[in-house]
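Participant: What follows is a predicted structure for the sequence shown.
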Amino acid sequence: MSQFLRDWLTVVWFGIAAVLLASILLGVAAAIRPTRPNAQKYIAYESGVDPVGIGWSQSQIRYYVFALLFVIFDVEAVFIFPWAASVERYGTFGLVVMLVFIVLLLDGLVYAWKRGLLRWV
């Protein structure tokens, strides 16, 4: 067996061990936990206040889009910091590639801005 396959076999063994350990721990927890079903336990929890209404409400999609835009630009920062730390090593090609990356992200930001997705209403 080659060294490459031996290394991957180690990864597979650790994956199997992790899944097995998680299964055992969840099984033991399910076996020893107390179960006392009660109608009060199935009521939606609202910070200690008695629930009002049915407990379901529709939220607007713009909040999810706003969060998604935040994640996208947060990931942008994750890519820019390592590049900025070693910009000399990448030279002109690295600078051009990063500028293209930033321009594409700014294009997405302008698109979201024009569509009104950044207004917090």
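Facilitator: Looks like it arrived, so ask away. Residues are numbered from 1 along each chain as shown.

Participant: contacts and neighbour counts: CA atoms only from here.
Facilitator: Fine.

Participant: check contacts around residue 63.
Facilitator: Residues near residue 63 by C-alpha atoms under 8 Å, 6 or more residues apart in numbering: none.

Participant: quick check: mean pLDDT across whatever helix or strand it lives in?
Facilitator: In this assignment (DSSP states H and E), residue 63 forms part of helix 61-85. Helix 61-85 shows a mean pLDDT of 83.

Participant: Please save the CA atoms from stretch 84-92 in PDB.
Facilitator: The C-alpha trace of stretch 84-92 is given here as PDB (Å, rounded to 0.1, in the frame of the first residue of the first chain):
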ATOM      1  CA  ALA A  84      -2.200  41.800   2.000                       C
ATOM      2  CA  ALA A  85       0.200  40.100   4.400                       C
ATOM      3  CA  SER A  86       2.300  38.800   1.500                       C
ATOM      4  CA  VAL A  87       1.500  41.200  -1.400                       C
ATOM      5  CA  GLU A  88       5.200  41.500  -2.300                       C
ATOM      6  CA  ARG A  89       5.500  37.800  -3.000                       C
ATOM      7  CA  TYR A  90       2.600  37.800  -5.500                       C
ATOM      8  CA  GLY A  91       3.800  40.800  -7.500                       C
ATOM      9  CA  THR A  92       1.800  42.500 -10.200                       C
END
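
Participant: So which residues make contact with it?
Facilitator: 94-95.

Participant: So for the helix holding residue 63, what gets flagged as buried?
Facilitator: Neighbour-count burial for helix 61-85 flags 66, 69, 83 (criterion: 16 or more other C-alpha atoms under 10 Å).

Participant: any idea which of those is closest to residue 19?
Facilitator: For the buried residues of helix 61-85, the minimum distance to residue 19 (C-alpha to C-alpha) is 33.7 Å, reached by residue 69.
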